[in-house]
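Undergrad: okay, predicted coordinates and the sequence, questions at the end:
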Amino acid sequence: SVTPAVVTVTGGAGQIGYALAFRIASGQLLGPDRPVRLRLLEIPAAVPAAAGVAMEIDDCAFPLLDGVDVTSDATAAFDGVDVALLVGARPRTKGMERGDLLSANGGIFGPQGAAINAGASSDVRVLVVGNPANTNAYIAAAHAPDVPKDRFTAMTRLDHNRAVAQLRQRTGAAVDDIARLAIWGNHSATQYPDLTHATIGGRPALDVVDDEAWVRGTFIPTVAKRGAAIIEARGASSAASAANAAIDHVRTWVDGTPAGDWTSAAVVSDGSYGVPEGLVSSFPVTASGGAYTIVPGLELDAFSRERVDASVAELVEEREAVRALGLVGS
Ligand code: NAI
């Protein structure tokens, strides 16, 4: 029998946790051949709610599920973890300054990074979803010196999928015919959804669309501000689509990208494209052999360069702020 993979979800009682846990337990994260041990990490006040989620998961009688554990102890949650989905975070509340937000999240992602460093399995893969996702991943990685840096990622797959959806709606193309879209930079409104290398059925997407005003005035802001539009419409932030993107991110990481295509993920920069080394920034990435690799050698036109630089500048500011707050070494 195959050893179950240990999958830990933080914020297991939250909106995204609720949408994610059942899909993981049913085998959609790691495929039908890999039994799963699911762990839900919550703050003490939400442990009873997470235990209720665990009861519902039990009631699905998923054949692949080895069991569900609920805990508020990060050390226990990450002991032997293979896939860590860091979803729980401190949201920005009214009147909260950025420094307060970064401090509160540093207090979560620093200790979680340390617990991963102490107890994770040697093949651990970490996806940070909780915002500010890129900088939370940066903090977690900084507290896990023994874990290879390429195991820490943050989620821009939802932005990527949103961009595919907008392009499909505009052109009527099939999703599988859309390739080489890219999200660059921070998972925030400064992100750059890039169509300049994208193709539709092998043709340049920009030729198919043939409308620069739409690309710059509608496509880019619609993708970048989609999160706010969902909150406006639903009265709550994206949850099922975020969970779906988290599943996609891990599946692609493990299974690889199709030949000739790539996806988007925030990974630790190696200095590519002028993004300072060590920053967790979104890039076009391929996956193979269980590793994400930044797509090398793309030409950035002047507009793209400006947009990438602006989003990366925001990441640099966030890094400087967490250093100044003493949340990571400098
Ligand atoms: P939510 O508020 O419904 O749930 C968050 C859960 O995390 C709560 O149950 C809370 O108790 C828990 N939590 C807080 N601190 C924790 C800690 N130290 N350890 C364990 N659990 C903890 O929020 P929701 O809607 O599930 O969103 C979660 C995060 O994901 C938010 O930060 C949100 O901004 C972010 N997000 C990121 C997206 C992306 O594309 N990267 C997309 C959508 C949301």
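TA: Okay, I see it.

Undergrad: any low-confidence regions in the stretch 1-150 of the chain?
TA: Per-residue confidence for the stretch 1-150 of the chain (pLDDT under 70) gives no ranges below the cut-off.

Undergrad: those strands in it, which residues are they?
TA: Counting by DSSP state E, counting those that start in this stretch, the stretch 1-150 of the chain has strands at residues 5-10, 36-41, 65-71, 83-86, 125-128.

Undergrad: distance to Met55 added to those, as TSV?
TA: C-betas here are computed from N, CA, C, even on glycine. Written out in TSV, the entries for the strands of the stretch 1-150 of the chain read as follows (distance: least, CB to CB, whole Å):
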stretch	distance to Met55
strand 5-10	16
strand 36-41	11
strand 65-71	9
strand 83-86	20
strand 125-128	26
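
Undergrad: turn those into CSV, columns for distance to the ligand and mean neighbour count.
TA: Listed next are the strands of the stretch 1-150 of the chain as CSV, based on distance: least, CB to the nearest ligand atom, whole Å; neighbours: other CB atoms under 10 Å:
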stretch, distance to the ligand, mean neighbour count
strand 5-10, 4, 26
strand 36-41, 5, 26
strand 65-71, 10, 18
strand 83-86, 8, 28
strand 125-128, 8, 26
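
Undergrad: looking at those, spot the one closest to Thr293.
TA: With distances scored as CB to CB, the stretch of these nearest to Thr293 is strand 125-128 (14.3 Å).

Undergrad: which other residues reach the closest one?
TA: Under the contact criterion CB atoms under 8 Å, 6 or more residues apart in numbering, strand 125-128 has outside partners 82-86, 109, 116, 134, 136-137, 140-141, 147, 151-155, 246, 249-250, 253-254, 280, 290.

Undergrad: hmm, 7 Å instead?
TA: Residues from elsewhere that reach strand 125-128, judged by CB atoms under 7 Å, 6 or more residues apart in numbering: 83-86, 116, 136-137, 140, 151-155, 246, 249-250, 253.

Undergrad: from the chain's centroid, how far away is it?
TA: 7 Å (CA atoms, centre = their mean, to the nearest Å).

Undergrad: just the C-alpha atoms of it, please, in PDB.
TA: What follows is strand 125-128, C-alpha atoms only, in PDB (Å, rounded to 0.1, in the frame of the first residue of the first chain):
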ATOM      1  CA  ARG A 125       6.000  21.800  -1.300                       C
ATOM      2  CA  VAL A 126       4.500  25.000   0.100                       C
ATOM      3  CA  LEU A 127       1.800  27.200  -1.500                       C
ATOM      4  CA  VAL A 128       0.900  30.500   0.200                       C
END
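
Undergrad: direction included, what does that strand pair up with?
TA: strand 83-86 (parallel), strand 152-154 (parallel) (DSSP bridges).

Undergrad: tell me which helix or strand the residue nearest to Val175 when sequence neighbours are not counted sits in.
TA: Leaving aside its sequence neighbours, Val175 sits nearest to Arg168 (CB to CB, 6 or more residues apart in numbering; 5.7 Å). Following DSSP states H and E, the helix or strand that holds Arg168 is helix 157-171.

Undergrad: what comes into contact with that helix?
TA: If you take CB under 7 Å, 6+ apart as the criterion, helix 157-171 is touched by 173, 175, 178, 181, 183, 187, 191, 193, 200, 205, 208-209, 219, 222-223, 226, 238, 241-242, 245, 248-249, 263-265.

Undergrad: show the buried residues in those residues.
TA: The neighbour-count test (16 or more other CB atoms under 10 Å) marks 173, 178, 181, 183, 187, 191, 193, 200, 205, 208-209, 219, 222-223, 226, 238, 241-242, 245, 248-249, 263-265 as buried among the contacts of helix 157-171.

Undergrad: what subset of the residues you listed is also close to the ligand?
TA: Checked against the ligand using CB under 6 Å from any ligand atom, the buried ones among the contacts of helix 157-171 give the following subset in range: 187, 238, 242.

Undergrad: bridged to Phe283, which residues?
TA: Bridge pairing for Phe283 (DSSP bridges) gives the partners Ala265.
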